[in-house]
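**Student:** give the three-dimensional model of this entry:
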Amino acid sequence: QVQLVESGGGLVQAGGSLRLSCAASGLTFSRYTMGWFRQAPGKKREFVTAISWAGGTRYANSVKGRFTISRDNIASLVYLQMSSLKPEDTAVYYCAADGSRSSVVPTFTEATYDYWGQGTQVTVSA
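**Tutor:** The predicted structure is shown next:
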């Protein structure tokens, strides 16, 4: 049974930083592309960033230069380091896993991701 469990969310002031973690189990972690998506109140879920099984990364334009994704294949963890946070970054952040291995550059398409975590709330105050 695949499980993705996010942690590290919370309340932070604008300009601050947070690091989210996602612990994966029940899958061969090193073979999966891992992604982060987010959903703000009243909005559709959107792609944030992802890191492929080969180490390739992709970022949404809105977070480039502020967010960094990384992974630890030994510990089956993926991290999202968020800096210079803005109120518009407020959302529930979801971890997702894509086992397709279709490209070394990760996809931003939700439908490609097979497994999802339950999400962690990030709130950025002005």
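**Student:** in the sheet, who's paired with residue 59?
**Tutor:** Beta-bridge pairing for residue 59 (DSSP bridges): residue 49.
**Student:** I'd say it and residue 67 touch.
**Tutor:** Yes: here residue 59 reaches residue 67: they are 6.6 Å apart, a contact under CB atoms under 8 Å. The way it works is simple: take the backbone N, C-alpha and C, and place the C-beta from them, glycine included.
**Student:** how far does stretch 72-79 sit from its chain's centre?
**Tutor:** 13 Å (CA atoms, centre = their mean, to the nearest Å).
**Student:** restricting to C-alpha, output that stretch in PDB.
**Tutor:** Provided in PDB are the C-alpha atoms of stretch 72-79 (Å, rounded to 0.1, in the frame of the first residue of the first chain):
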ATOM      1  CA  ASP A  72      16.700  11.600  -0.500                       C
ATOM      2  CA  ASN A  73      16.300   8.200  -2.200                       C
ATOM      3  CA  ILE A  74      17.800   6.400   0.800                       C
ATOM      4  CA  ALA A  75      15.200   7.800   3.200                       C
ATOM      5  CA  SER A  76      12.400   7.900   0.700                       C
ATOM      6  CA  LEU A  77      11.800  11.600   1.300                       C
ATOM      7  CA  VAL A  78      11.200  14.600  -0.900                       C
ATOM      8  CA  TYR A  79      11.500  18.100   0.300                       C
END
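**Student:** that stretch: which residues count as buried?
**Tutor:** Judged by neighbour count using 16 or more other CB atoms under 10 Å, the buried positions of stretch 72-79 are 76-79.
**Student:** contact partners for residue 29?
**Tutor:** Counting by CB atoms under 8 Å, 6 or more residues apart in numbering, residue 29 touches 73, 76.
**Student:** so where does the residue nearest to the spatial centre of the chain fall, helix or strand?
**Tutor:** Of all residues in the chain, the one closest to the mean position by CA atoms, centre = their mean is residue 36, 2.0 Å from it. Using DSSP states H and E, residue 36 falls within strand 33-39.
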